[in-house]
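okay, sequence plus prediction incoming.
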Amino acid sequence: MDAKTIAEDLMAYLPGPRVERDWSLGGCLSYRPGATPFFANVSAVRADDPATLARLVEHCAGWFGSRGRSDCFWFVTPSATPADAVDELTALGLMHVGHGTAMTMSEPPPAGPRGVDIREVEDSDAFLEYRMLTLEAGSPHGVGEADRAATLADHDAEWQDLLASGRRRRCYLASVDGEPLAAGGLLFTEHGAVALAGGATAPHARGRGLYRALVRHRWDVVAAEGVPSLVVQASDDSRPILARLGFVEVADIALLRQAF
């Protein structure tokens, strides 16, 4: 399977010890326990016709609903069928809520600045730093006590998941003068491609090249293992940054929400 195909339908191929998948009806349903919205998603939509697509929508309500979810998110790409899948889905009541871009990289990105120390997370305390840093970076209005408490409450389970991944998931912290300031991960699929898994920089440390350093470090990791290729599904905010680092756009992604 080539990198473009995996990048376009990445959610269907990401590894995880508690991930469930259902390919039974013209698409891939993926579920992982947790509050993160995108842990319940539909990708690789390949319905034969509008009627099959409608049955897939109905199937999603039952499948995700039985797992305690009240919604799921659809990642619809140019390879989806039927060709007007987005229009068909919105006619069925799904809401268009966002956009993304599938991207690939096959050449080394630029190096990061000097003085950045990047290490793989190897213990629970470092993993908690990684998770808290990611939480802070994704919360423009500050992290509330409820968010911190939720992160602490499920930390042991998340750490066990990381151990159970057998290093198919790897997490990295970038530090300057001993202070962790940025975080980023890798997910090794079963199909030869490796995906960037997030990227977070503490708000007060942005603009110092830490994200660039993490991308280059992760490239070096996968190249050393004989996989000189990275894939990612980028948000509209991260797409231009990744493009400057050498990622190439391969597909637009329409993000739709199905509530039930």
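On my side now, so go ahead. Numbers count the residues shown, from 1 in each chain.

C-alpha only now, for contacts and for neighbours.
Noted.

what's in contact with the lowest-mean-pLDDT helix or strand in the chain?
The least trusted helix or strand in the chain, going by mean pLDDT, DSSP states H and E, turns out to be helix 145-153, with a mean of 87. Identification of contacts with helix 145-153 by Cα atoms under 8 Å, 6 or more residues apart in numbering yields 131-132.

repeat that with 10 Å
With Cα atoms under 10 Å, 6 or more residues apart in numbering as the test, helix 145-153 has contacts from 35, 128, 131-132, 135-136, 139, 155, 158.

Thr151: how many residues sit nearby?
Look at Thr151: counted by other Cα atoms under 10 Å, it has 16 neighbours.

excluding chain neighbours, give the residue nearest to Asp49 in space.
Pro82 (5.7 Å; Cα to Cα, 6 or more residues apart in numbering).

weed out the non-buried ones from the contacts of helix 145-153.
Using 16 or more other Cα atoms under 10 Å as the burial test, the contacts of helix 145-153 include 128, 131-132, 135-136, 155, 158 as buried.

okay, and which of these map to strands?
Among these, no residue falls in strands (DSSP state E).

from these, pick the one nearest Gly16.
The closest of the buried ones among the contacts of helix 145-153 to Gly16 turns out to be Glu158 (Cα to Cα; 10.7 Å).

go ahead and confirm that closest one touches Ser124.
Yes: with contacts defined as Cα atoms under 10 Å, Glu158 counts as touching Ser124 at a distance of 9.4 Å.

what's in contact with stretch 125-141?
119-121, 124, 142-144, 147-148, 151-152, 155-156, 158-159, 162, 171-174, 180-185, 198-204, 206.

filter these down to the buried ones.
119, 121, 124, 151, 155, 158-159, 162, 171-174, 180-185, 199-203.

and the next helix or strand past the host helix or strand of Leu181?
Per DSSP states H and E, Leu181 falls inside strand 179-188. Using DSSP H and E, the helix or strand that follows strand 179-188 in sequence is strand 194-201.

chain center to the helix or strand that comes right after that following strand, what's the gap?
The first helix or strand that comes after strand 194-201 along the chain, using DSSP H and E, is helix 210-224. Remark: helix 210-224 is offset 17 Å from the chain centroid, using Cα atoms, centre = their mean, to the nearest Å.

any idea of the mean pLDDT for helix 210-224?
Averaged over helix 210-224, pLDDT sits at 96.

which strands and helices sit next to that helix?
For helix 210-224, the packing partners by 3 or more Cα pairs under 10 Å, 6 or more residues apart in numbering; DSSP states H and E come out as strand 117-120, strand 169-176, strand 179-188, strand 194-201, strand 230-235, helix 239-244.
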